[in-house]
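Novice: fold the following, please.
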Amino acid sequence: MRYVSTRGGVAPIGFAEAVMMGLATDGGLLVPASPPRLDDDTLRAWAKLRFQDLALEVMTPFVGDAIPRADLADLIERSYATFSHPEVTPVVRLGDQWLLELFHGPTAAFKDVALQFLGNLFEYLLERDGGRLNIVGATSGDTGSAAIAGVRGKARIQIFILFPDGRVSPIQERQMTTVLDPNVHTIAIRGTFDDGQRIVKQLFGDLDFKRELSLGAVNSINWARILAQMVYYFYAWARVTGGDPCHPVSFAVPTGNFGDIFAGYMAKRMGLPVERLIIATNRNDILSRFVHTGVYAAGEVYPTLSPAMDIQIASNFERYLYYLVDQDPVVVSSYLDFLGREGRMEVASHRLDRAQSHFDAVAVSDEATLAQIRETYERLGYILDPHTATGVRAAQGRTDVICLATAHPAKFAEAVTQAIGREAEPPLALRGLMEKETRCAHLEASEAAVRAHIRATLAKVDP
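Specialist: Purely as a prediction, here's the structure:
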């Protein structure tokens, strides 16, 4: 498998190089040049596998000969040994819908599925090939803690995580700032997640700086994260249908940065029987507006009860745009250039028709989110976190829908208490966080401030 950039400026590269590159050197995102296509017999066979074995099969064609199969199997086993549920991502019945629980990892959020694997993958490649890696990432909540959990204490790796000061939940902030390992560095920026994401892209766009400091990415701009997330779409479909290729399902996906639902789109491209992919957003509805109108235009970032989705520029949308325009990097670049100049772009009607053939989209208000948490609890005794609640709400009235439960409700105690008058019982990983010592830098939301901080911090690290 070879990887190319959505903007066409990178010669085809292998899996290991794509993982270490993160953001493509031309500013685009790396995608597989020729995703594999599965037949029905393969789908039936995969449906019988446990999660770890399924992950090996899904990942193998994308990894190619970059990692021996036995080594890849070991990486996968070690990555998911940290999960508290034997199925890793179990599927449970929720009234007329299904719920894919993605919060059984060490930080109680879906990001663990990808970032436990990516942390071990980084470590493997660095030990094998030599060198060091300085990870820089921005988070709207869960990516930061999951990335930190994936690489804390690992040799050859330093990690810098930017998060918007005051715009993540208290539990999410403590999950990051209470990790005191010397290779972990958290930065609260005075701005929004979009500001953090912009700063990270600017740092990676400075190729001299990127090479000098050996920067690596853990945000969903890293292809390995998308790959790991594809696995649970296959797993959930198999658990609901028994592996019948003639039985499609739909997925309702809370999303802000488009990474999680893009993984579902890639699974569908491979041949997974998916009827609809339902985008669930909050008031920050750039993705919903695009699906309904074909216009992609950033607006103001509003704080909501589902803060991990408080995003107006969805990084992974560029990957989808690449496939929407038949993998033509010239067209992708022209759209993005126009977006950069005008703050908006609009796809042609035939492309909007194609997008609408894959996606539905629903923007869910805070009021509707609270109502959904309350209704589900009163009717079924199940507590939803506010992000998952947007997906459940968006899927109302549909059948054969699997809703992605992206975080444990204990991570968002304020919203849950507002909805049902009580907090969810926290898993072991979340207990006692508010009493622990913290460490965090506070910076202006500027590329210069973050760049200087990273340089100064690394200067103190023993070579």
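
Novice: which residue packs closest to Ile373, ignoring adjacent ones?
Specialist: Nearest non-adjacent residue to Ile373, counting by CB to CB, 6 or more residues apart in numbering: Ala419, 3.8 Å away. Every residue, glycine included, has its C-beta placed from N, CA and C.

Novice: isn't that neighbour right up against Glu378?
Specialist: No - if you go by CB atoms under 8 Å, Ala419 and Glu378 don't touch, sitting 10.0 Å apart.

Novice: those two: which is more packed in?
Specialist: Using other CB atoms under 10 Å as the criterion, Ala419 and Glu378 rank with Ala419 on top: 25 against 10.

Novice: which parts of the one helix or strand Arg174 maps to count as buried, going by neighbours?
Specialist: Using DSSP states H and E, Arg174 sits in helix 170-177. The neighbour-count criterion (16 or more other CB atoms under 10 Å) identifies 171-177 as the buried residues of helix 170-177.

Novice: downstream of that helix, the next helix or strand is which one?
Specialist: Sequence-wise, the next helix or strand downstream of helix 170-177 (DSSP H and E) is strand 184-190.

Novice: got a list of contacts for whichever helix or strand comes after that next one?
Specialist: Once the chain leaves strand 184-190, the next helix or strand it forms, by DSSP H and E, is helix 193-205. The contact list for helix 193-205 (CB atoms under 8 Å, 6 or more residues apart in numbering) reads 22-23, 27, 136-140, 162-164, 167, 189, 209-210, 215, 217, 219, 257, 298, 301, 310-313, 315, 445-447, 450-451, 454.

Novice: before we move on, back to that, next one, pLDDT for the residue nearest to Ile373 please.
Specialist: For Ala419, the pLDDT comes out at 98.

Novice: can you tell me the SS state at it?
Specialist: helix (DSSP: H, G, I helix; E, B strand; the rest coil).

Novice: so who does it touch?
Specialist: Ala419 is in contact with 370-371, 373-374, 377, counting by CB under 8 Å, 6+ apart.

Novice: now do 7 Å
Specialist: 370, 373-374 (CB atoms under 7 Å, 6 or more residues apart in numbering).

Novice: in strands, which of the contacts of helix 193-205 appear?
Specialist: Of the contacts of helix 193-205, the ones assigned to strands by DSSP state E are 136-138, 162-164, 189, 215.

Novice: just to revisit the earlier point, looking at the buried residues of helix 170-177, spot the one nearest Phe51.
Specialist: Proximity of the buried residues of helix 170-177 to Phe51 (CB to CB) peaks at Gln175, which lies at 23.8 Å.

Novice: can you verify my assumption that the closest one contacts Ser145?
Specialist: Yes - with contact defined as CB atoms under 7 Å, Gln175 reaches Ser145; the gap is 3.6 Å.

Novice: joint contacts of those two?
Specialist: Here Gln175 and Ser145 have Thr107 as joint contacts, going by CB under 7 Å, 6+ apart.

Novice: pLDDT on stretch 292-310, on average?
Specialist: If you average the pLDDT over stretch 292-310, you get 92.

Novice: er, stretch 241-256 actually
Specialist: 96.

Novice: rewinding a little: narrow the contacts of helix 193-205 to those in helices?
Specialist: Per DSSP state H, helices hold the following members of the contacts of helix 193-205: 209-210, 447, 450-451, 454.

Novice: go through those residues and give me the one with the most neighbours.
Specialist: Val450 (24 neighbours).

Novice: picking that back up, out of the ones in strands among the contacts of helix 193-205, which comes closest to Gly64?
Specialist: Nearest to Gly64, judged by CB to CB, of the ones in strands among the contacts of helix 193-205 is Leu215 at 24.4 Å.

Novice: tell me who's in contact with that closest one.
Specialist: Shown in contact with Leu215 (CB under 7 Å, 6+ apart): 134, 136, 203-204.

Novice: make JSON lines out of the buried residues of helix 170-177 and add distance to Arg269 and pLDDT.
Specialist: As requested, the buried residues of helix 170-177 are exported to JSON lines (distance: CB to CB, whole Å; pLDDT from 0 to 100):
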{"residue": "Ile171", "distance to Arg269": "36", "pLDDT": "90"}
{"residue": "Gln172", "distance to Arg269": "32", "pLDDT": "90"}
{"residue": "Glu173", "distance to Arg269": "37", "pLDDT": "95"}
{"residue": "Arg174", "distance to Arg269": "38", "pLDDT": "95"}
{"residue": "Gln175", "distance to Arg269": "33", "pLDDT": "95"}
{"residue": "Met176", "distance to Arg269": "34", "pLDDT": "96"}
{"residue": "Thr177", "distance to Arg269": "39", "pLDDT": "97"}
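
Novice: of those, which is the nearest to Pro426?
Specialist: Ile171 (8.2 Å).
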